[in-house]
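1. Make a model of this:
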Amino acid sequence: MVDISAAVDDDFVARTGIAKGERKIISVEERANLLEALDSSSYQVSAGGSLANTLVATSHLSVADHQFRGGGLPKIGMLSVSGNDLQGSFHCAQMRHAGIELLSEPLPGTSTGTVIVLTTPDANRTFLSYLGSSQTLTLSAAAKAAISRTRVLIVEGYLWEMPGAQEAIGSAARLARDSGAVVALTTGDPGLVARHRSEFWRLLKDGSVDVLFANRAEAGALLEQPVTAAEAASQLGSLCSLAAITDGANGSCISALGHLKVIPPYWTTDTPVDTCGAGDAYCAGLLHAYLSGMDLASMGRCSARVASAVISRSGACLTAQEAERVVASLPPADGLRAPIPSAALEPTAATMM
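-> Down below sits the predicted model:
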């Protein structure tokens, strides 16, 4: 996805017909009308999508850690679905520049999706997503080969909205698990969870998911009841090796093999400006910490600091300079490994779709 980010007032969001903080699927005509309405405002165009934000942040953290501590550099690849239009070319170029290896080619005659991100003065964000050309999600031979070699496979929850998702995601998870890889799943947003709850539960109940990322609202939609972050982490953590539940300014909770860690938010002197991408950054922080072999508490601290860096200014993705500051500020880990399946204790690469 390509992000089109703009700072607007509450009245502008109200005129879109969507509640502030929610996400709506729009048509190409609706996108054109919105961009025309934003014409008098400044907006920023960037390679985006939740998965891309996580990948780029993970890459920047890995490079910073390599420079600061001499750690290893995991190879990070992306199995994406993009069009062969200008937006797709822009997205691919930005990802390669960030050190992400693209493991799939743009499809001829297709258009790339875009997300209009509207940020209000209270740092809340509202999403209007155009999904691009309708494409069936399939696993090519190259994709299967990449998954079979990976140590960590991350499946983005928004993929459930694509035709063929159930079969492709199930196949990818099985292939990864058969190869000894850790499978991580993100939940997207509460509305998406409500629409695809059965698909999420199918993967969780059959043991296909090792790591689950969600915020409290998404976890509540999955469990079909209001929950605290601790309650959600405990309940969902019983279905996988690790469940990380974020709760905005209240911090987060991580459950792993019967252990529950309450992680406070990492506060800075800067007032939050834009919460868009905070969850993606948190995910990247936890992934980096796991790939670095940190213990559970250190994983939580790293995640909180990465998320805090992103919300302090406009834009959804961690920059290389911010990654350097985050890595330099991290306390040394105690050397204990995170309680995740032993087959993936020493990951050297991550493949994400």
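
2. hey, where'd the helices end up in the protein?
-> 10-15, 28-37, 50-69, 86-97, 141-149, 165-178, 190-195, 197-205, 216-223, 229-237, 278-291, 296-311, 320-329 (DSSP state H).

3. Nearest to D270, out of those helices?
-> When these are compared by C-beta to C-beta, helix 296-311 sits nearest D270, at 8.6 Å. C-beta: built from backbone N, CA, C; applies to glycine.

4. Could you name the helices and strands sitting against that closest one?
-> Secondary-structure packing of helix 296-311 (3 or more C-beta pairs under 8 Å, 6 or more residues apart in numbering; DSSP states H and E): helix 50-69, strand 252-256, strand 259-263, helix 278-291, helix 320-329.

5. ok and the second one relative to helix 216-223, angle-wise?
-> Regarding strand 252-256 and helix 216-223, their directions subtend 50 degrees when assessed with axes from the mean of the first three to the mean of the last three C-alpha atoms, to 10 degrees.

6. what's strand 252-256 in contact with?
-> 229-230, 232-234, 236-238, 241-247, 260-263, 265, 282, 286, 296, 299-300, 303-304, 338-340 (C-beta atoms under 8 Å, 6 or more residues apart in numbering).

7. Mind giving me the PyMOL select for these, buried ones only?
-> To isolate the buried members of the contacts of strand 252-256 in PyMOL, using 16 or more other C-beta atoms under 10 Å:
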select buried, resi 229+230+232+233+234+236+237+241+242+243+244+245+246+247+261+263+265+282+286+296+299+300+303+304+338+340
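
8. Burial check on the closest residue to H91 other than its chain neighbours, number of neighbours?
-> In space, and not counting its chain neighbours, H91 is closest to A47: 4.5 Å by C-beta to C-beta, 6 or more residues apart in numbering. By other C-beta atoms under 10 Å, the residues close to A47 number 24.

9. E224 now?
-> If you count neighbours by other C-beta under 10 Å, E224 ends up with 10.

10. Please tell me how far it sits from D270.
-> The gap separating E224 from D270 is 37 Å, by C-beta to C-beta, to the nearest Å.

11. How about S80?
-> S80 is 32 Å from D270, where distance means C-beta to C-beta.

12. more crowded one of the two?
-> Taking other C-beta under 10 Å, S80 and D270 do not tie; S80 has more neighbours (24 against 11).

13. Distance check, the residue nearest to the more buried one when sequence neighbours are not counted against T150.
-> Among residues not flanking S80 along the chain, S104 sits closest, at 5.8 Å (C-beta to C-beta, 6+ apart). S104 is 14 Å from T150, where distance means C-beta to C-beta.

14. show me where pLDDT drops low in this protein?
-> Scanning the chain for pLDDT under 70 picks out 40-41, 71, 134, 332-353.
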